[in-house]
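Novice: can you look at this prediction? I've put the sequence above it.
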Amino acid sequence: MKEYTVAILGATGAVGTRLIEQLEQSTIPVKKVKFLASKRSAGKELTFKGKPVIVEEATPEAFTGVDLVLASAGGGVSKKLLPEAVKRGAVCVDNTSAFRMEPEVPLVVPEVNEKALFSHRGIVSNPNCSTIQMMVALEPIRQKYGLDQIIVSTYQAASGAGQSALEQMLAEAQVYLNNEPMEGKVFPVKGDKKHYPLAFNLLPQIDVFEEDGYSHEEWKMIHETKKIMLDDMDAPELKVTATCVRVPVVIGHGESVYFTTKDQTVTPTDIKELLKDAPGVTLQDDPKNQVYPQPLMAEGKRDTFVGRIRADKENPGSFNMWVVSDNLLKGAAWNTVQIAERLVENDLVRVPEDPYLG
């Protein structure tokens with residue numbers, strides 16, 4: 001059996017630590033691991049399967065001899081370093097937005113479009129966390145009944161903005177409980193003009209606003225959905241719109257998803273039966289007994305949880321459902337490792353002769 005040298009880029013971050021955990025539990029035969037991070041983190045000691053591993057500075061030369069790179073160190077770092085890794089023969093799975101909309105780079109949710117991996121040119125992108133869980137829930141429905149339209153409103157956890165943002169939200173909560181005035185320092189966007197507290201609050205902005213009034217997070221959900229499902233980020237045959245909201249939850253994104261099927265004879269029971277056995281889905285839909293997905297119960301789990309499936313009584317063929325997933329696992333680390341597993345299983349851990357170099 002072939003064994004692989006795997007590098008984790010951004011190993012000391014919130015997603016990086018989970019990448020290590022998921023890699024430890026994966027089916028990938030690992031010969032050696034390399035943990036890469038910024039210069040200030042170099043020299044730290046982490047562990048892999050109980051053995052110490054010293055963190056190295058992420059430089060182009062650090063990828064020499066590496067077969068697989070799992071990256072979650074920020075878009076700028078990925079743009080700079082992943083083409084260097086590809087030049088040195090590594091196949092990269094990137095958890096940032098750096099390459100998602102590049103036509104030459106597959107954007108993959110394994111339960112949905114694993115076949116896209118066969119066209120990779122050295123880099124594969126992991127979609128946005130909020131997009132991933134929606135794709136897992138909707139693709140079985142699209143495959144069987146067709147989809148005309150998706151309208152999604154998200155309830156996204158603080159951890160989606162990074163570890164420092166999460167810590168800021170928790171600090172705000174303590175200040176509020178002490179009857180002291182809260183001061184926003186990070187949310188909604190650290191580099192934007194204004195900041196607001198997130199604790200005990202809701203912020204209808206994730207990422208910066210585009211000229212058309214949509215936030216960039218909403219733009220990503222719209223165009224990533226089309227690329228994943230139809231291999232065209234602007235596909236006109238599927239209508240998608242989104243409203244993305246940051247909520248004071250630690251881990252676990254929630255989504256209210258409204259969708260219209262091409263087949264207007266479909267019933268909620270049909271959809272529940274379909275999703276009951278769908279890959280990566282756990283159906284939690286028993287409202288009479290108050291059984292439905294919740295972020296607290298999804299934390300630490302790989303699946304996407306779906307419930308509250310019901311028909312829109314005013315519009316035949318239209319439905320509502322509630323979707324929850326751990327944004328740091330299925331939304332990031334697990335989906336990344338899952339992609340790497342599929343690359344290994346399909347003997348795709350090799351850079352083609354015409355690599356994508358950014």
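Specialist: Nice, thanks for sending it over.
Novice: how about low-confidence regions in the stretch 101-250 of the chain?
Specialist: For the stretch 101-250 of the chain, no stretch has pLDDT under 70.
Novice: could you pull out the strands for it?
Specialist: Secondary structure of the stretch 101-250 of the chain (DSSP state E, counting those that start in this stretch): strands at 123-125, 147-156, 239-246.
Novice: with mean neighbour count and distance to residue 268 added, can I get the ones you listed in TSV?
Specialist: From N, CA and C alone the C-beta is placed, and that goes for glycine too. Converted to TSV, the strands of the stretch 101-250 of the chain look like this (neighbours: other CB atoms under 10 Å; distance: least, CB to CB, whole Å):
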stretch	mean neighbour count	distance to residue 268
strand 123-125	27	34
strand 147-156	20	16
strand 239-246	20	21
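Novice: which one, of those, ends up nearest to residue 318?
Specialist: With CB to CB, the closest approach to residue 318 among the strands of the stretch 101-250 of the chain belongs to strand 147-156: 8.0 Å.
Novice: quick one, the closest one and strand 239-246 angle?
Specialist: Between strand 147-156 and strand 239-246, the angle comes out at 10 degrees (axes from the mean of the first three to the mean of the last three CA atoms, to 10 degrees).
Novice: got the CA positions of strand 147-156 in PDB?
Specialist: The C-alpha coordinates for strand 147-156 follow below in PDB (Å, rounded to 0.1, in the frame of the first residue of the first chain):
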ATOM      1  CA  LEU A 147     -34.500  22.100  -8.300                       C
ATOM      2  CA  ASP A 148     -35.700  25.400  -9.700                       C
ATOM      3  CA  GLN A 149     -34.900  27.800  -6.800                       C
ATOM      4  CA  ILE A 150     -33.100  28.000  -3.400                       C
ATOM      5  CA  ILE A 151     -33.700  30.800  -0.900                       C
ATOM      6  CA  VAL A 152     -31.500  30.500   2.200                       C
ATOM      7  CA  SER A 153     -31.100  32.500   5.400                       C
ATOM      8  CA  THR A 154     -28.100  31.500   7.500                       C
ATOM      9  CA  TYR A 155     -27.500  31.700  11.300                       C
ATOM     10  CA  GLN A 156     -23.700  31.500  11.400                       C
END
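Novice: neighbouring contacts of stretch 210-222?
Specialist: The contact list for stretch 210-222, computed with CB atoms under 8 Å, 6 or more residues apart in numbering, reads 97, 100, 128, 130-131, 134, 152, 154, 156, 205-209, 240-244.
Novice: do stretch 168-178 as well
Specialist: Contacting residues not belonging to stretch 168-178 are listed as 158, 181-187, 197-200, 248, 250 [CB under 8 Å, 6+ apart].
Novice: and the helices in the protein, which stretches?
Specialist: Secondary structure of the chain (DSSP state H): helices at 14-24, 75-87, 110-113, 129-145, 163-177, 216-230, 268-276, 295-298, 334-345.
Novice: give me the buried positions along the last one.
Specialist: Looking back up the chat, that one is helix 334-345. For helix 334-345, a neighbour-count test (16 or more other CB atoms under 10 Å) marks 334-344 as buried.
Novice: so which of the helices of the chain gets nearest residue 258?
Specialist: Among the helices of the chain, helix 129-145 comes nearest to residue 258, with 11.0 Å by CB to CB.
Novice: and the end-to-end length of stretch 26-33?
Specialist: With CA to CA, to the nearest Å as the measure, stretch 26-33 spans 13 Å from end to end.
Novice: who touches residue 56 in this structure?
Specialist: Residue 56 is in contact with 34-37, 42, 62, counting by CB under 8 Å, 6+ apart.
Novice: from these, pick the one nearest residue 303.
Specialist: Distance to residue 303, by CB to CB, is smallest for residue 35 among the contacts of residue 56, at 27.4 Å.
Novice: which one is that closest one nearest to, not counting chain neighbours?
Specialist: Nearest in space to residue 35, with sequence neighbours left out and distances taken as CB to CB, 6 or more residues apart in numbering, is residue 11 at 3.7 Å.
Novice: gap between that neighbour and residue 258?
Specialist: The gap separating residue 11 from residue 258 is 39 Å, by CB to CB, to the nearest Å.
Novice: give me the more crowded residue out of the two.
Specialist: Neighbour count, other CB atoms under 10 Å: between residue 11 and residue 258, residue 11 has more, with 27 against 16.
Novice: ok, now which ones touch that one?
Specialist: Counting by CB under 8 Å, 6+ apart, residue 11 touches 17, 19-20, 35-37, 41, 46, 55.
Novice: out of those, which is most surrounded?
Specialist: Neighbour-wise, those (other CB under 10 Å) top out at residue 19, 29 neighbours.
Novice: surely residue 90 is in contact with residue 7?
Specialist: Yes. Using CB atoms under 8 Å, residue 90 is in contact with residue 7, at 7.2 Å.
Novice: shared neighbours of those two, anything?
Specialist: 63, 66, 68-69.
Novice: could you dump those to TSV with pLDDT and distance to residue 172?
Specialist: Output for the shared contacts of residue 90 and residue 7, formatted as TSV (pLDDT from 0 to 100; distance: CB to CB, whole Å):
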residue	pLDDT	distance to residue 172
63	98	39
66	98	40
68	98	39
69	98	36
